[in-house]
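>>> Structure of the sequence below:
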Amino acid sequence: MDFGLSEEQEMIVETVRAFVETEIYPHENEVERTGIVPPDLGREIQRKCIDLGFYACNFPEEVGGAGLDHVTFTLVERELGRGSLGLTVFFGRPSGILMACEGEQRERYLLPAVRGEKIDALAITEPDAGSDMRGMKCAARRDGADFVLNGTKHFISHADVADFVIVFAATGEEETPKGVKKKITAFLVDRGTPGFEILKGYDSVSHRGYHNCTLTFTDCRIPEAQVLGEVHRGFDIANQWLYGTRLTVAATCVGRARRVFEMALPYAAERRQFGKPIGANQGVSFKLADMITEIDAADWLTLAAAWRLDAGLAADRQIASAKLYASEMLARVTDEAIQIFGGMGLMDDLPLARFWRDARVERIWDGTSEIQRHIISRDLLRPLGA
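The predicted structure is shown next:
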């Protein structure tokens, strides 16, 4: 493994970081205050990203993407993690699962998403089916050449700005060694389809401006041509997609933690109490030592997992480890940064309280910390027959 970045990678990191600092940072406080990203602002960020050549950089060149390898794309996500998620979502990284599009689907969904003409959202989670994906109650039954979809999804990120949604629904049952499990199928469902409604979701303390929505399907008729992948094989493509998003979560946690650390370090050097900088006290300096050690460890875990993907090696456990450690690291780093700033750290004058609140959800979405530990432990024990 080469731990150094190429000249091109260094340039990409610098370019994305500059974009976040100039195009995202200035709007963060207003988004935090109102909980809203004005549509014109979202389109402006999207346009500038397209002009920069970074839109859909996670897609291969043959479909119009930048064709970045996993390590380089992880570096992009790390820098985007420094900014408000409500704003950086418009930087444009469509769901990789869209590469499963075939035939007409490529013209209707994949290519418009890559060009920035359409925005997608992914709908898996339900009120009674979170970590247990196969426990979903949203179901689609065949009716002639169509499927009829009924049920509810919630916690669906940025569905309010999406043109279409990738919906996962139960389409049958099968016997497995662990009993009867539901067969899952993925569907491409356009906004405005009769029987499909996008509703306001819950008010969250994390990532204000990045909205979650509730989706309802009432006798929503979907042509079979809008099945993504194969009927009953949605679980397979969902798992493949989720590993990529977990790596993204790890990377964004590292980026956000570095931004927090870069606030705490100079403050500890400049803030004076009892006639000396507070950083001269081990109570503060040791916090900084622990913070940077954990940030660097999470960074290398994340990049090492991405490197394994580029090398064609199995990376499920490594991605789970990166997501687990980086998300829990961010919680500790933001908490310690607030402790270094004292009472001022909790005031709205600084963004630390926002980072602290935002950090909490990272241990839940895209697979809870408990799910990551399950993946890691199973990978270790199964070869031994346990």
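
>>> Tell me which stretches of the protein form helices.
Assigned by DSSP state H, the helices in the chain fall at 7-19, 25-34, 39-52, 70-80, 85-88, 104-105, 111-115, 234-270, 282-310, 316-341, 352-361, 369-381.

>>> List of residues touching the second one?
For helix 25-34, contacts defined as CB atoms under 8 Å, 6 or more residues apart in numbering pick out 37, 41, 83-84, 86-87, 208-209, 351, 354. Glycine gets a C-beta too; all of them are placed from N, C-alpha and C.

>>> hmm, back to that, with mean pLDDT and distance to residue 203 added, can I get the helices of the chain in CSV?
Formatted as CSV, the helices of the chain follow (pLDDT from 0 to 100; distance: least, CB to CB, whole Å):
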stretch, mean pLDDT, distance to residue 203
helix 7-19, 97, 29
helix 25-34, 96, 13
helix 39-52, 96, 20
helix 70-80, 97, 24
helix 85-88, 96, 13
helix 104-105, 96, 35
helix 111-115, 97, 28
helix 234-270, 92, 21
helix 282-310, 97, 29
helix 316-341, 98, 21
helix 352-361, 96, 12
helix 369-381, 96, 24
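
>>> Distance to residue 186 added to the ones you listed, as CSV?
Shown next, in CSV, are the helices of the chain (distance: least, CB to CB, whole Å):
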stretch, distance to residue 186
helix 7-19, 30
helix 25-34, 31
helix 39-52, 25
helix 70-80, 23
helix 85-88, 24
helix 104-105, 11
helix 111-115, 15
helix 234-270, 4
helix 282-310, 22
helix 316-341, 20
helix 352-361, 24
helix 369-381, 20
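
>>> Mean neighbour count added to those, as a markdown table?
Listed next are those as a markdown table, based on neighbours: other CB atoms under 10 Å:
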| stretch | mean neighbour count |
| --- | --- |
| helix 7-19 | 15 |
| helix 25-34 | 15 |
| helix 39-52 | 15 |
| helix 70-80 | 24 |
| helix 85-88 | 23 |
| helix 104-105 | 14 |
| helix 111-115 | 20 |
| helix 234-270 | 21 |
| helix 282-310 | 18 |
| helix 316-341 | 23 |
| helix 352-361 | 20 |
| helix 369-381 | 15 |
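
>>> Give me the residues contacting stretch 300-307.
Against stretch 300-307 from outside (CB under 8 Å, 6+ apart): 1, 3, 70-71, 73-75, 78, 247, 250-251, 254, 315, 318-319, 321-322, 325-326.

>>> try stretch 64-71
Residues from elsewhere that reach stretch 64-71 (CB under 8 Å, 6+ apart): 9, 12, 53-54, 56-61, 76, 111, 114-115, 247, 303, 306-307, 309-310.

>>> And that stretch, what's buried?
Using 16 or more other CB atoms under 10 Å as the test for burial, stretch 64-71 gives 64-66, 68, 70-71.

>>> pull the CA atoms of that stretch into CSV?
The C-alpha trace of stretch 64-71 is given here as CSV (Å, rounded to 0.1, in the frame of the first residue of the first chain):
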residue,chain,number,x,y,z
GLY,A,64,-20.3,10.5,-18.1
GLY,A,65,-18.8,10.4,-14.6
ALA,A,66,-15.3,11.3,-13.6
GLY,A,67,-14.3,7.7,-13.1
LEU,A,68,-12.5,8.2,-9.8
ASP,A,69,-11.1,5.2,-8.1
HIS,A,70,-12.3,4.4,-4.6
VAL,A,71,-9.4,6.0,-2.7
